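Asks: fold the following, please.
(chains A, B and C)
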Amino acid sequence: MTETFLSVRDLKVSYRVGRGSLDAVDGVSFDVPRGSIVGLVGESGCGKTTVARALTRVMADNAFISGGRMLFDGRDLAALSERDMNALRWREIAFIPQSAMNSLDPVYTVEYQLNEVLRLRGGLGRAQARKRCEELFEMVGIEVGRLRDYPHQFSGGMRQRVAIALALALNPKLVIADEPVTALDVIVQRQILDQLRDLQRQLGISVILVTHDISVVAYICDRTVVMYAGHVAEQGTMEATLTQPSHPYSMGLRNAFPDLQGAASGVLTPIEGAPPSLADPPPGCRFAPRCPFSIEVCASVTPPQVEVEPGHFAACHRAGEAPALRERARHVSTWMAEA
Amino acid sequence: MRPPATDTGEPLFSIREARLHYRVGGALSALRGRSSVVKAVDGVSFAIARGESIGLLGESGCGKTSMGRLLLKLEKPTGGEILFDGEDVSRLKGKALRRYRARTQLIFQNPFDAVNPRFTIRAILAEPLENAGVPRAGHEARIVDALELVRLPQPAQYLDRYPHQLSGGQLQRVVMARALILQPEFVVADEPVSMLDVSVRAGVLNVFRDVRDRLGLTAIYISHDLALVRYVCERTIVMYLGKVMEDGPTEDIVHEPLHPYSKALVAAVPVPNPHQSHDPLPIGRGAPDPRNPPSGCVFRDRCPHAFDRCASEVPALRDAGTRQVACHLF
Amino acid sequence: MRDGAFTTRRPGLVARLFGTLRLPLNDPFAVCGLLIYGIFLVTAVFADQIAPYDPTEILYTPEYDLAADLLPGEEGHLLGTTSLGRDIFSQIVYGTRSALLIGITAAFMVALIGSVVGLVSGYFGGWVDAVLMRLADIAFGIPFLPFVIVLAAFLEPSIWNVVLAMALVLWRDTGRVIRSQVLTLRSRGYVDAARVSGSSDLKIILRHIAPNILPLSFLYGSIAIGWAILTEASISFLGFGDPQSISWGYMLQDAFASQALAKQAYYWFVPPGICIILVVSAGFFITRGYENLLFPKLGK
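Replies: Residues are numbered from 1 along each chain as shown, chains lettered A, B, ... in the order given. As a prediction, the model looks like this:
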């Protein structure tokens, strides 16, 4: 269970912009243990989707991996030839996009599209492919009769189920899901997450779940990687990062959500300001300009990953004081003073 | 903390059997008898007291956004009536309409869509002032005041910028400032934080709450997330396929939802807590199809408690303690 | 602090107008097209000064012979003369005038009518939309060139027939396209916002919708310039043109009727042909520039 099977080390992904380039992901390291769900959390522009795309090596035209390794079952995905990488895609690494509508072709039935994957990519025969299609639909909880339907005949949640079926078609070992439930209503969101977790347990696959929503992480993930402005701010087990956040950014996020289980009277703590521009990131800690706890060193020295407890890392100069900071982070006044 | 609601005791809005039906499919399919009617809002009645904040809660397609648009006269009801201060909103014209426009406002889901990208922040905020006939000389001061009200730090620096030069959180504050600049009495906020980054959501929600309290606003907050509704509204109306399912104090609905649909909504709210129930939701799969709602109770095909009567008889909204529920179980 | 801090630097009216029109000045083809237009425009304006003769005047040589079929350069005629002794260069110069007059008025009519129809139809919808769009359907059913010929047969032969015909028929494309654009613009949040804040329909159209469709009406306008000039040339060539006014199409017809081809009088029919090609393609170059500006992805 704890055996690491994907290990990302010092990953750096850059975008060519005009004559120069900017580093959307800069020195990201994390591990995915076999059979676990790892949540990659952060705001838009923090680099989480770029990491996910880099793992599949399906990236924007102007993006390239400019450093680091991605060891997947002993192979370095960053160094693999395009041909070898292509052989891995779908068979071992599959992708669930945010909007299933964009990944499904509106002019073909769902069955046709599933078949295409199964027969061309998986090399299955006609009869085998048909059997597998039905199996997959049963797995994701859609009536087999709907295989002949076109994508537009499905509701948003159903389409997301189809996308999951499509990703699981060839029994991958790793599934990367990019905001799979973001566009969905709470009820459908919950049902899709249940489905995803059940399948993950049942098939023993590993999942990287990219999301901006800590609640999604809390519901389904085993581990959390919090990203901020292209860096990893904090990582550890889901429980540790949520109950004992040790980076001021995660502390802020934790109290920025209304919690239905908590008392009604609490006031949410906003994090004032906005993430820095990646074209011109601030020196030192990238969160320092918005951080209520920043000290002199934060503005000049990039903080190292500090192991606050076994397996739980926070990239903060004051990680040692985390329990005290956590207490102060609960109060709105702490965050407002900074504004 | 809130200024006392205006005397009369009469509600600001009374909505009686409001309906908004669309015909889908063109004239041709109507000829072939295939046209269908979507009932976006179907016989909704409630009253909004002065100074009250009501959350309209439900999934997409439940009619919550249409309800908000009806209140603001962005759509014309196809049935029923909406009374604002005793006057029928759909009959407002000319001067009366202009007065009503100045008293009611809207805050949008996507701030980038809510402002014209060609205009500077100054021009965006000046438009309502122009319409209200505020002399040009007074604009500057009113604009800066409105931006300070929504806690945009150093507002002067934004006035000559264009929307794309602002972050989502900043722009949403500009949209709020535009809504508040004429000091309206009533505001509809349609999922105002769902498009924003998590770290700035709390800021916008706090501003919304504070401003509402300070100005004594009456507000409708539209969302599918009960946790957000609970943060800003003391009363919640749960909608499903154009009908009201449950209407009552938010805390009561959070702690003891009565309608089976409310129960599912409460259970589905995501919580940032590692220890939470993973039980399956008490609701059937699938999504509501507004073109083809079931007979009787519109929720019955997903309801775990449905029985014979639900298929034959539409449940009326009935009093149940502190609230009203539309379910045959009560 | 409020007083000094806001010295508005509002751009002048001209700059704002050009900003709204968004001339495609960074596209080399479009600049080339604008340049060609510029040259023809100057020629048209100063035709009286540039042309050495009246284009319809029948000229005689100093020996009192008819100055017919002179070759370029002979007797000081830059491009020679026609079989009736008229100066070809002067005809070309004056032809520019009628070509541009027709092209620009027709383009203006097409863009104006189309934009108004599109705006009204798309913004108000309902029965107004239904009526206008059925009218557009009827206009789509009218074959253009035969329509102009019939019109010319009923009315006096005149270059304005072309303009009238284009105004009556060609607004359909502009109207349709602008209507669909307005439909998407109308559903934008800022239009709702303007309504909620009390802006009138007219104000919303003028302020929030029209500026967004202006480049589109210019695109259709620049297409219409080429069309109008081509149509006028065709009509004149077919002999339905106005014999009183000199146009490039009339020159071609004249050359054809006088068997210039058999006489190998290339100097007679090639220059008007080149002029037509230049003006029409200049229009399409500009169109292309607008397209790149409006739909940047198409260019890639």
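Asks: run through the stretch 201-339 of chain A and note the low-pLDDT ranges.
Replies: A:264-265, A:337-339 (pLDDT under 70).
Asks: same check on the stretch 1-150 of chain A?
Replies: Within the stretch 1-150 of chain A, the segments meeting pLDDT under 70 span A:1-2.
Asks: in it, which residue sits closest to chain C?
Replies: In the stretch 1-150 of chain A, no residue comes nearer to chain C than A:Asp61, which is 10.4 Å away by CB to the nearest CB. (C-beta placed from N, C-alpha, C; glycine too.)
Asks: can you get me a residue count around that residue?
Replies: 7 (other CB atoms under 10 Å in any protein chain shown).
Asks: contacting residues for it?
Replies: Not one residue lies near A:Asp61 by CB atoms under 8 Å, 6 or more residues apart in numbering or on different chains.
Asks: could you redo the last one with a cut-off of 10 Å?
Replies: A:Tyr15, A:Arg16 (CB atoms under 10 Å, 6 or more residues apart in numbering or on different chains).
Asks: and A:Glu116, how far from A:Ala127?
Replies: Per CB to CB, to the nearest Å, A:Glu116 is found 16 Å from A:Ala127.
Asks: and B:Arg142, how many neighbours?
Replies: When neighbours are counted by other CB under 10 Å, B:Arg142 registers 19.
Asks: that one: which element?
Replies: Per DSSP states H and E, B:Arg142 falls inside helix B:139-149.
Asks: how about C:Val148?
Replies: Secondary structure from DSSP H and E places C:Val148 in helix C:144-154.
Asks: output the contacting helices and strands for that helix.
Replies: Here helix C:144-154 touches helix C:160-169, helix C:210-237, going by 3 or more CB pairs under 10 Å, 6 or more residues apart in numbering or on different chains; DSSP states H and E.
Asks: the residue of the stretch 1-150 of chain A closest to chain C in helix, strand or coil?
Replies: coil (DSSP: H, G, I helix; E, B strand; the rest coil).
Asks: where along chain B do the strands fall?
Replies: B:13-24, B:36-48, B:53-57, B:79-84, B:87-88, B:104-107, B:186-190, B:218-223, B:235-240, B:243-249, B:318-320, B:323-325 (DSSP state E).
Asks: elements contacting the first one?
Replies: Spelled out, it's strand B:13-24. strand B:36-48, helix B:64-71, strand B:79-84.
Asks: on that earlier part again, what would the strands of chain B look like in TSV with distance to C:Val270, mean neighbour count and mean pLDDT?
Replies: Shown next, in TSV, are the strands of chain B (distance: least, CB to CB, whole Å; neighbours: other CB atoms under 10 Å in any protein chain shown; pLDDT from 0 to 100):
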stretch	distance to C:Val270	mean neighbour count	mean pLDDT
strand B:13-24	60	17	90
strand B:36-48	64	20	90
strand B:53-57	74	27	95
strand B:79-84	72	18	93
strand B:87-88	74	12	92
strand B:104-107	65	26	93
strand B:186-190	66	25	95
strand B:218-223	70	25	95
strand B:235-240	75	26	95
strand B:243-249	77	23	95
strand B:318-320	90	13	90
strand B:323-325	87	23	93
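Asks: can you check which of these gets nearest to C:Ser281?
Replies: Taking CB to CB, strand B:13-24 is the member of the strands of chain B nearest to C:Ser281, at 46.2 Å.
Asks: contact partners for B:Ala320?
Replies: Going by CB under 10 Å, 6+ apart, B:Ala320 touches B:Glu246, B:Gly248, B:Leu258, B:His259, B:Ala326, B:Cys327, B:Leu329, B:Phe330.
Asks: the third one contacts B:Asp319, correct?
Replies: No: using CB atoms under 10 Å as the test, B:Leu258 is too far from B:Asp319 to be in contact (11.3 Å).
Asks: give the intersection of the neighbour lists for the two.
Replies: Here B:Leu258 and B:Asp319 have B:Gly248, B:Val325, B:Phe330 as joint contacts, going by CB under 10 Å, 6+ apart.
Asks: can I get those residues in JSON lines including distance to A:Gln195?
Replies: Formatted as JSON lines, the shared contacts of B:Leu258 and B:Asp319 follow (distance: CB to CB, whole Å):
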{"residue": "B:Gly248", "distance to A:Gln195": "32"}
{"residue": "B:Val325", "distance to A:Gln195": "30"}
{"residue": "B:Phe330", "distance to A:Gln195": "32"}
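Asks: can you tell me which of these is nearest chain C?
Replies: B:Gly248 (28.8 Å).
Asks: how about the closest one, nearest residue that isn't a chain neighbour?
Replies: Nearest residue to B:Gly248, sequence neighbours excluded (CB to CB, 6 or more residues apart in numbering or on different chains): B:Arg323, at 2.3 Å.
Asks: wondering if the strand or helix carrying C:Glu291 reaches chain B at all.
Replies: Per DSSP H and E: C:Glu291 is located in helix C:266-294. No: using CB under 10 Å from any CB of the partner chain, helix C:266-294 never reaches chain B; the gap is at least 14.7 Å.
Asks: in that helix, what's buried?
Replies: Applying a neighbour-count criterion of 16 or more other CB atoms under 10 Å in any protein chain shown, one finds C:267-269, C:271-272, C:275-276, C:279-293 buried in helix C:266-294.
Asks: returning to that earlier point: for the helices and strands packed on strand B:13-24, which one sits closest to C:Asn212?
Replies: Proximity to C:Asn212 (CB to CB) singles out helix B:64-71 among the helices and strands packed on strand B:13-24, at 22.8 Å.
Asks: what's the angle from that closest one to strand B:53-57?
Replies: Using axes from the mean of the first three to the mean of the last three CA atoms, to 10 degrees, the inter-axis angle of helix B:64-71 relative to strand B:53-57 is 140 degrees.
Asks: spit out the contact partners of B:Ser14.
Replies: If a contact means CB under 10 Å, 6+ apart, then B:Ser14 has B:Ser45, B:Phe46, B:Ala47, B:Ile48, B:Glu81, B:Ile82, B:Leu83, B:Phe84, B:Asp85, B:Gly86 as its contacts.
Asks: next, the buried residues of the helix holding B:Arg142.
Replies: Residues of helix B:139-149 classed as buried by neighbour count (16+ other CB under 10 Å): B:His139, B:Glu140, B:Arg142, B:Ile143, B:Val144, B:Ala146, B:Leu147, B:Leu149.
Asks: ok, back up a step: mind checking which of the contacts of B:Ala320 are buried?
Replies: Those of the contacts of B:Ala320 that meet the buried threshold are B:Glu246, B:Gly248, B:Leu258, B:His259, B:Ala326, B:Cys327, by 16+ other CB under 10 Å.
Asks: could you find the closest non-adjacent residue to the third one?
Replies: The spatially closest residue to B:Leu258, leaving aside those adjacent along the chain, is B:Val325, at 4.8 Å (CB to CB, 6+ apart).
Asks: beta partners of that neighbour?
Replies: Beta-bridge partners for B:Val325, by DSSP bridges, are B:Glu246, B:Arg318.
Asks: would you confirm that it contacts B:Val238?
Replies: Yes: assessed by CB under 10 Å, B:Val325 is found in contact with B:Val238 at 9.2 Å.
Asks: mutual contacts of the two, please.
Replies: B:Val244, B:Met245, B:Glu246, B:Asp247, B:Gly248, B:Pro257, B:Leu258, B:His259, B:Ser262.
Asks: between those, which sits nearest C:Gly226?
Replies: Of all the shared contacts of B:Val325 and B:Val238, C:Gly226 sits closest to B:Val244, with 59.9 Å by CB to CB.
Asks: wait, what's in contact with that closest one?
Replies: By CB under 10 Å, 6+ apart, the contact set of B:Val244 is B:15, B:41-46, B:56, B:58, B:62-63, B:67, B:237-238, B:259, B:317, B:324-326.
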